[in-house]
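Participant: Got a sequence here, can you model it:
(one chain, ligands or ions: 1)
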Amino acid sequence: MLEEKALAAERAIEEALAAPGEACVTSSFQAECMALIHMLTARRPEIPVLFLDTGYHFAETYAYRDRMAAQLGLNLVNLLPRLTVPEQEGQFGILHQTDPGRCCEMRKVEPLFSGLEAYDIWFTGLRRDQSPTRAHLKVSDTFRLPSGKEMLKVSPLADWTSADVWAYLKRAGIPVLPLYERGYTSIGCEPCTALPFDPDNPRSGRWGGQKLECGIHIQAR
Ligand code: SF4
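Facilitator: Reported below is the predicted structural model:
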């Protein structure tokens, strides 16, 4: 089964890479991102790997990002928000406590959408069973940036389960972010990531269950 899914994902990757334009992949360095990066870099070693460097990630995430970027020779691109964490907290207070929607907008959505302007094909490690909000995810879709620019958004692992991802990584000999060992099932910024409370929703530990998405995968209107 994994073999078939891996072949289908590789086909989706190859088809998308054959399309005209510049390709990139976004990565939070969670397990599915690493499986996708492994497949992508086998075909295009220099593909830019975009990381949303919010300044609020776990120290373990930064250490793992740097270790894997060096080990796999990744073309890592850190996307930074307009304001540093001290600047934002000085001007607006601790937004992740008072207004997480605005904090995600400033530290994730704006930097990503502005970073994506340079590309035409956007690979993501999204999977349908990560959250009810992702249940209808398509492998290949059109995504429109706030500027109006349209790009191809490709999620080759859309139908993979978490077990598929782990089996793939084990076979490929790729270590995972050590935070998984502590029981986390979805890992983002440290202040907004807790252990999941709903066993059927791996993202239920994000934002204290108050929201499930930061906004980067929501189509601009
Ligand atoms: S996940 Fe939390 S800390 Fe990170 S950008 Fe969103 S609100 Fe801010």
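Participant: need the next SSE after the helix of greatest length in the chain, C-terminal direction.
Facilitator: Identified as the longest helix of the chain according to DSSP state H is helix 2-18. Where DSSP states H and E defines the elements, the next helix or strand beyond helix 2-18 is strand 23-26.
Participant: Output the contacting helices and strands for that following strand.
Facilitator: Judged by 3 or more C-beta pairs under 8 Å, 6 or more residues apart in numbering; DSSP states H and E, the packing partners of strand 23-26 are helix 31-43, strand 48-52, strand 121-123. Every C-beta, even on glycine, is put in place using the N, C-alpha and C of the backbone.
Participant: how about the residues of this protein near the ligand?
Facilitator: Selection of the chain residues close to the ligand by C-beta under 6 Å from any ligand atom yields 54, 56, 96, 100, 103-104, 107-108, 188-189, 191-192, 214.
Participant: So Arg82 is in contact with Glu110, correct?
Facilitator: Yes. Using C-beta atoms under 8 Å, Arg82 is in contact with Glu110, at 7.0 Å.
Participant: Just want to know which of these two has more residues nearby.
Facilitator: Neighbour count, other C-beta atoms under 10 Å: between Arg82 and Glu110, Glu110 has more, with 17 against 11.
Participant: which SS class is that one?
Facilitator: helix (DSSP: H, G, I helix; E, B strand; the rest coil).
Participant: Starting from Cys103, give me the distance back to it.
Facilitator: Distance check for Glu110 against Cys103: by C-beta to C-beta, to the nearest Å, it reads 11 Å.
Participant: Would you map the strands across this structure?
Facilitator: Along the chain, counting by DSSP state E, strands occupy 23-26, 48-52, 75-79, 121-123, 140-144, 150-154.
Participant: Just put these in a markdown table and tack on mean neighbour count.
Facilitator: Output for the strands of the chain, formatted as a markdown table (neighbours: other C-beta atoms under 10 Å):
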| stretch | mean neighbour count |
| --- | --- |
| strand 23-26 | 23 |
| strand 48-52 | 22 |
| strand 75-79 | 16 |
| strand 121-123 | 24 |
| strand 140-144 | 14 |
| strand 150-154 | 20 |
